[in-house]
Each structure stands twice: as structure tokens, then as C-alpha cells.
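>>> how would this look folded up:
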Amino acid sequence: MTTIVSHDIVKTHYWHALDDGRIQCDLCPRFCKLHDGQRGLCFVRQNLDNQVVMTSYGRSSGFAIDPIEKKPLNHFLPGTSVLSFGTAGCNLACKFCQNWDISKSREMDTLMSHASPDRIAQAALDHGCKSVAFTYNDPVIFHEYAIDTAQACRNLGIKSIAVSAGYVNEQPRAEFYQWMDAANIDLKAFSERFYHEITGSHLQPVLETLKYIKHETSVWLEVTTLIIPGENDSEAELEALTQWVAENLGSDVPLHFSAFHPDWKMRDKPRTPIQSLLKARQIALKNGLHHAYVGNVHDKSAASTYCSGCGHVLIGRDWYELSEWNLTDAGCCRFCGTRCAGIFSDRPGQWGAKRKSVVIG
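A predicted model of the protein is given here:
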């Protein structure tokens with residue numbers, strides 16, 4: 001049960017006192033050590049009266065209804081709509097952040113929308129959304145708000161989705177993912193150098209989160225890697241990354257390769273050529289992954305889902321619009337009967353590529 005200290009501020013329980021008078025936040029591997037009044041790097045968790053509190057509970061940077069494929073999730077209720085929202089701040093420091101106006105915000109005025117978990121769940125139901133996504137910035141840092149919202153959603157039959165970098169410690173991770181139904185985790189690269197120099201974090205905790213979700217939970221998992229020219233697009237790194245995914249997560253976990261565009265503090269890099277994404281996809285398929293996709297570019301063939309048994313198109317995609325649908329009610333290929341990994345309804349949703357802003361509260 002979340003304990004509210006005052007409006008927007010709630011008590012947290014992943015912290016401990018240090019001998020020097022500071023408080024250490026134990027939510028993520030950053031382990032911020034805070035003097036009284038000091039905020040962590042995420043900005044929204046603060047030492048207030050010798051306890052760590054979350055200062056943005058019930059506040060959002062805005063709500064929108066998106067296609068589920070935009071998260072991106074290609075094997076979780078395709079074609080349906082998802083109510084999406086985020087807060088402010090982030091526990092990583094990615095120089096290439098493409099939601100930097102939200103995740104790097106240090107102004108609480110960014111959080112203009114107020115909504116309780118119950119109101120969010122009800123709004124999703126009222127708008128016909130099958131799920132709610134915690135996205136735009138990392139839900140790890142609004143842990144309590146996300147969990148309370150996921151609980152409210154579950155009470156109404158609404159699914160919950162985490163779009164996260166996976167940078168979280170073991171105990172809060174277990175509490176968080178028991179309430180999630182699906183997750184897309186950013187595997188930002190496959191080198192410690194990249195994580196340390198470009199994101200201000202470390203690779204190993206992310207790998208542990210990926211293995212935990214896949215092997216210790218029932219959460220549907222997909223993975224995204226943003227391909228940045230000259231940083232994480234070498235053939236050797238893509239070979240290592242895709243081999244690790246196949247060996248540690250399995251051949252059925254979908255892997256999305258997404259195109260970078262210059263932003264935030266990395267404006268000196270060019271946009272990702274589509275050829276780089278297609279090369280990454282081919283490497284993934286060669287290394288045994290059944291489902292590899294490209295994103296932020298237009299290539300219908302590389303965005304569609306194929307049967308791992310006979311190779312027929314199962315789900316055709318043109319941007320966020322679905323075309324072919326060759327799955328049976330049981331989620332099997334109608335040509336050869338091979339089961340397609342994922343969570344599917346008996347028929348595809350019809351939301352398409354629309355995006356709709358929503359006011360709640």
C-alpha cells in the first residue's frame with residue numbers, strides 16, 4: 001500500500017541510512033547517496049526528512065492513445081490501442097535520448113496532468129484500450145505510481161506494459177514485474193564502454209533484468225536496440241548481441257532494431273541508414289532468432305511477422321497498419337499449424353496508426 005506524505009509525495013521503501021548521515025536509494029544500481037533535501041539523478045526521488053520519497057506521484061507529462069506496435073510490441077495484442085503516459089526524469093543519462101524533453105526534465109511544471117491510478121485504469125476502459133503503457137521516460141523511477149496503476153488496471157481487466165531500460169535492482173524488480181503483463185526492454189548496446197560512456201550506467205544489470213523477466217516471470221518480453229552509426233552498429237557487436245539474446249532469452253523473443261536520429265547531446269551523428277538496420281536484422285535471423293524487426297523506417301517486409309515453421313507472412317505491417325492476418329484463433333499459422341510466440345486475440349485489433357491525446361483528471 002502506497003503511503004502518501006502530501007500531495008504528489010509518497011514514501012518509498014527501497015533505501016537505507018548510511019553512517020555519515022546520508023540516505024542511500026536502493027531502487028536502481030546507481031545507488032544515489034543523498035543529503036537531506038537532495039534529489040537523485042532521476043530527479044523525482046528525494047531525501048526528505050531522512051527518508052527517500054517519490055515527488056511526482058499522480059502527475060504525468062500527458063496521456064495519449066497509441067497503437068501497441070509503437071511501444072514497440074509486435075506479438076502482444078496486435079492492432080490494439082494502448083493508453084500511454086510517463087512522468088519526468090530518468091535514472092540513465094543517455095546522450096542520445098529521443099524523449100529528452102520529458103526524461104531529462106528538471107522542472108515539475110512538465111507534469112501538468114494529474115490522475116490517480118483508478119482514474120487511469122477507468123480511462124483506458126472507457127476509451128476501449130486493451131492496455132496501459134508506462135513509457136516516454138523509465139517507469140523504474142515512478143515505481144510506486146506504476147505499480148498502483150497496474151493493480152488498478154488488473155482489477156478492470158486492462159493489461160499493463162513497461163517500456164524500460166531495465167536498470168533496476170533485484171528486489172524492486174521482482175515487485176514491479178509481478179504486476180506487468182508485457183515489457184519492451186532497451187538493450188542499448190552490447191558493450192560496457194557504450195553503457196558507461198554514453199548512458200552513464202552499466203550493461204550487466206540490464207542483462208540480469210532481461211534474464212529475470214524471461215525466465216522468472218510470465219511477462220511477455222520484447223527487446224529493442226537503437227542502432228547508432230559508429231557507436232553500436234559494428235558487425236562484431238551485432239553478432240555478440242544477437243547470439244546472447246538467442247542463447248539467454250530464446251529464439252522466440254522478438255528483437256527490434258530502431259533507427260536513430262540526431263537529438264539531445266548527440267547531434268553530430270547521422271541518421272541510421274536503413275541498410276544498417278536490415279544488416280542487423282539479417283544477423284539476428286542468421287543467429288537463430290525467429291522474429292527480428294526494423295523500426296522508425298518504412299520497410300513492410302522487415303516489419304512483418306513470419307512463421308518460423310513455413311515462412312509465410314503471419315502478420316503484415318505497413319508502419320503501424322496491419323494488413324495480412326494468417327493466425328488461427330489459437331495463435332497458430334493457418335498454413336502449417338506452427339504456434340507463433342506471443343499473446344494474441346482471436347482477431348486483430350483495428351486501431352491502426354492513429355494517435356489521440358487524452359485528458360484525464
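>>> Give the buried residues for stretch 24-42.
Residues of stretch 24-42 classed as buried by neighbour count (16 or more other CB atoms under 10 Å): 24-30, 32, 34, 39-42. Every C-beta, even on glycine, is put in place using the N, C-alpha and C of the backbone.
>>> Need the residues that contact that stretch.
Stretch 24-42 is contacted from outside by 12, 14-18, 21-23, 45-50, 52, 55, 89-91, 93, 140-141, 143, 167-169, 171-172, 200-202, 205, using CB atoms under 8 Å, 6 or more residues apart in numbering.
>>> Show me where the stretch 1-150 of the chain has its helices.
All helices of the stretch 1-150 of the chain, identified by DSSP state H, counting those that start in this stretch, fall at 100-103, 117-126, 143-155.
>>> Count the neighbours of the closest residue to A121 other than its chain neighbours for me.
Excluding its sequence neighbours, the residue lying closest to A121 (CB to CB, 6 or more residues apart in numbering) is A152, at 3.9 Å. Number of residues near A152 (other CB atoms under 10 Å) recorded here: 20.
>>> can you list the weak-confidence ranges in the stretch 151-300 of the chain?
Low-confidence segments of the stretch 151-300 of the chain (pLDDT under 70): 264.
>>> Please, where are all the helices along it?
170-177, 192-194, 204-216, 235-248, 274-286, 300-303.
>>> For the last one, which helices and strands make contact with it?
On a contact count with 3 or more CB pairs under 8 Å, 6 or more residues apart in numbering; DSSP states H and E, helix 300-303 meets helix 274-286, strand 292-295, strand 313-318.
>>> Show me the buried residues of stretch 24-42 that map onto strands.
Using DSSP state E, 24-25, 34 are the members of those that sit in strands.
>>> what's the closest of these to K130?
Among these, C25 lies closest to K130 (CB to CB), at 33.9 Å.
>>> So the closest one versus N50, what's the distance?
As for C25, its distance to N50 is 13 Å (criterion: CB to CB, to the nearest Å).
>>> repeat for T338
Counting by CB to CB - T338 and N50 are separated by 58 Å.
>>> What of Y320?
48 Å.
>>> Then W15?
Counting by CB to CB, the separation of W15 from N50 is 10 Å.
>>> out of those two, which sits in the more crowded spot?
W15 (22 against 12).
>>> Now do the contacts for R22.
R22 makes contact with 33-35, 47, according to CB under 8 Å, 6+ apart.
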